[in-house]
Structures are given as structure tokens and as C-alpha cells.
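**Student:** Okay, predicted coordinates and the sequence, questions at the end:
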Amino acid sequence: MVDVSTWSLVVVAVLGVLAVALGVAVFVVDSMARATFALLGSFLAVAGILLVFDLVYLAVVTALMMTIEMAVMAVFMIMFMMNPAGLMPMSMVHNQRGSAGVGVVTFVVLVIGIWTVDWPPRTGALPEDSTRQLGEAIMGSHMLVMLVIGIALFGTILAGTVLATARGRYDRFGPDLSAARPSDPVEGGMGR
Amino acid sequence: MSGELVLQIVLTVAAGLVGVGLYGALSQQSIVMIMMGLELALNGVLLAGGAAWFFLGPELPDAQMLVVVTLVVMAVEMAMGFAVTIAIYRARQVDMVDMATELKG
């Protein structure tokens, strides 16, 4: 097993506590904007821990991606939440006791596993550049993973567009799709 | 400090994130808040993957690939979640899961 220096242990401990505390804060604070930024804080803490583990690229990707994602999330919060600013304290939960039970049981089962498993020692040494290792894996031995990810993301683009589009083909061409010209609010073409 | 102990501490933090995220996903009524719960649980997976790479097998890229896949799952979950939120709000003015009971058996 590898030894870990004291300062990295301190950083990991502080960031770990921060990640969980901010995660709890997401479901405690009244304001949805604050909940979004608490979640962002939790993601950034995890990115910091990844940085300690020498995973520079993945840490930076996590931090950048989650910052943008939470910014988008904040916009959607204001669009769809009944109480985005938390000015009117209200309960937005259901089956709280059952949910807490499931959460606690999951945590306890995982912790029992974590602390009873006889973890194997580390095999091999750290690579000189973890980013290079990942890049070579993506372009070589693990290319299939990347191909599947690419198709999944493309499918997401299509499905997201279809779901978010207000007017489908039945709105444009009629219930039996028999209209010769689509009925669009704005006619296409050059207006001739 | 021995690496095994640090690994166990980090994995415990990850388990805490998964537990809190699961609680949030099950207890919240708003669709957007449910998505935040799922994201928090995936955050735990992210952390566990990074720790597994560093402490167990850093000469293999497998755990790093797991982290990449988790990041993609997060992005897909966000995109599809928001698309479904928009679709169901447009069709039924529903923004809470308790109001979307039409398929309830």
C-alpha cells in the first residue's frame, strides 16, 4: 500500500467533510439558488480531492463541467420551481422518513463493506502523466467505451431536441399526416 | 498514514454522498431537485472511481475510464431531465412528481 503525506491527508479530510456537508445543505436550505450553489460547492470539493490524487485532467473537467451545469440548473430552478428564492418557507418533500431510511441503510451497508473488505495492495506505480494514460486508453485499448459514449451523447442530443420541441409532425401535417404543406406559424421560404 | 486507511476514509465520504443523494432523489417533490439528488449520488461514484485508481491500480486506466463514463452519465441525466421537465410542463403544467400520476397503476 502507498503512504500518503500528511498535508494531502488534511486536504482530503477537509474537502471530504466539505463535500458531504454541502451535499446535505442542498436539501436543507430554503432557497433553491443556494441549493444549486451548495451542490456546486460539493462538486468542486470532489474535484479538489481528485486533484490530490494526481487526476489533474478529470479534476479540471469535473470543475468546469459542473460549474456550467449548475449555472444552467439555476436558470431552470427559477423557471420551474415554485419557490426559487426561498422567500416563502414551504415543504417540498414527501415520504421523508422512508427516504431517510433508504439513504441511511445504503450508507451503512456501503460503510460496512468498505471497512470489512481486505483491500488489495496497490499494483504498479503512478504513471508519469495520468492525462496521457487516459488519452492513450481512449484512443487505444478502451476505444469501444468512447464509441459507446459518443453514440449515447448523440442519442441524447436527438432525444432532448424531440422532447423539448413544442410542435411535432402531427401538429404540422395534421393527425393523418396528409397535409400537402405544413401549417407553421411562420411560413418557410422566401415569401414568394 | 497508510494508504488503505485513506482509501477507506475517502470511500466512506463517497458512500455518504451516495446516501445523501439517494435521500434527496427519493424525498424531493420537484423534478429539478430530484435531478440534484441523482447528481449528488453520481458525485460519490466520481470520488470512489478516482480513489480506486490512485490507491488500487494506477498503472491501469480502467478506473479513470469509469470516472469519464460517470461524467457522461451526469451530462446525459441533466440533458434528458431538463428535456422531460420542459415536455411535461408544456403538456400538463406539471413541475412536481406528485402531480404526474397519470400512469399510476
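**Tutor:** Happy to help now that I have it.

**Student:** can you pull the contacts of residue B:69?
**Tutor:** Contact analysis of residue B:69 by CB atoms under 8 Å, 6 or more residues apart in numbering or on different chains lists A:145, A:149. Where you see a C-beta, it was placed from the backbone N, CA and C, and this is true even at glycine.

**Student:** same deal with residue B:40?
**Tutor:** A:23, A:26, A:39, A:42, B:17, B:20, B:21, B:24.

**Student:** any idea how far residue B:28 is from the fifth one?
**Tutor:** When CB to CB, to the nearest Å is the yardstick, residue B:17 and residue B:28 sit 16 Å from each other.

**Student:** what about these two, which has more around it?
**Tutor:** Remark: of residue B:17 and residue B:28, residue B:17 carries more neighbours, 29 against 24, as counted by other CB atoms under 10 Å in any protein chain shown.

**Student:** ok, so what distance separates that one from residue B:77?
**Tutor:** Taken as CB to CB, the span from residue B:17 to residue B:77 is 15 Å.

**Student:** How about residue A:23?
**Tutor:** Taken as CB to CB, the span from residue A:23 to residue B:77 is 17 Å.

**Student:** neighbour-wise, which of those two wins?
**Tutor:** Neighbour comparison, residue A:23 and residue B:77: the larger count goes to residue A:23, with 33 against 15 (by other CB under 10 Å).

**Student:** Please identify the buried residues of stretch A:106-125?
**Tutor:** By 16 or more other CB atoms under 10 Å in any protein chain shown, the buried positions in stretch A:106-125 come out as A:106, A:107, A:110, A:111, A:114, A:119, A:122.

**Student:** Quick one: low-confidence residue ranges for chain B.
**Tutor:** For chain B, the stretches with pLDDT under 70 are B:1, B:105.

**Student:** Apply 50 and report the result again.
**Tutor:** Applying pLDDT under 50 to chain B picks out no residues at all.

**Student:** What's the nearest residue in it when you look at chain A?
**Tutor:** Taking CB to the nearest CB, chain A has its nearest neighbour within chain B at residue B:59, 2.8 Å off.

**Student:** Checking my notes, that residue in a strand, right?
**Tutor:** No. Per DSSP: H, G, I helix; E, B strand; the rest coil, residue B:59 lies outside any strand segment and is coil.

**Student:** Pull the number of nearby residues for it.
**Tutor:** By other CB under 10 Å, neighbour count at residue B:59 equals 12.

**Student:** who touches it in this structure?
**Tutor:** By CB under 8 Å, 6+ apart, the neighbours of residue B:59 are A:123, A:124, A:125, A:127.
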